[in-house]
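**Student:** Okay, structure incoming, though there's no sequence with it:
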């Protein structure tokens, strides 16, 4: 089953689900992936601000899964922001709208 996961907490919850589906404890998965149980617990419960890509890829490898990159259109993209900035800088200073 493929899911669109867009946040770190969502990734952590999915890793927890995959781990439980394999009948593994956090300690067992952590040992196989080369990380501590407490690190894995914080990741699974969304208590980390950052989580390294190598760690994530290793966890998924041990669980028999990987990463699939999909195109996602949000309402306001970086390209939109850059285009807006270019438009604003092209206008005379007095003509710019305040936000």
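**Tutor:** Happy to help now that I have it. The structure displayed is predicted, hence computed values, not measured ones.

**Student:** Show me what the helix or strand containing residue 15 is packed against.
**Tutor:** Assessed by DSSP states H and E, residue 15 sits inside helix 8-21. Secondary-structure packing of helix 8-21 (3 or more CB pairs under 8 Å, 6 or more residues apart in numbering; DSSP states H and E): helix 37-44, helix 53-62. In short, each C-beta sits where N, CA and C put it, glycine included.

**Student:** Most tightly packed of these?
**Tutor:** When the helices and strands packed on helix 8-21 are scored by mean count of other CB atoms under 10 Å, the highest mean neighbour count falls to helix 37-44 (a mean of 18).

**Student:** Kindly reformat the helices and strands packed on helix 8-21 as JSON lines containing distance to residue 27 and mean pLDDT.
**Tutor:** Converted to JSON lines, the helices and strands packed on helix 8-21 look like this (distance: least, CB to CB, whole Å; pLDDT from 0 to 100):
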{"stretch": "helix 37-44", "distance to residue 27": "5", "mean pLDDT": "97"}
{"stretch": "helix 53-62", "distance to residue 27": "13", "mean pLDDT": "96"}
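
**Student:** Tabulate those helices (JSON lines), appending distance to residue 85.
**Tutor:** Converted to JSON lines, the helices and strands packed on helix 8-21 look like this (distance: least, CB to CB, whole Å):
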{"stretch": "helix 37-44", "distance to residue 85": "35"}
{"stretch": "helix 53-62", "distance to residue 85": "29"}
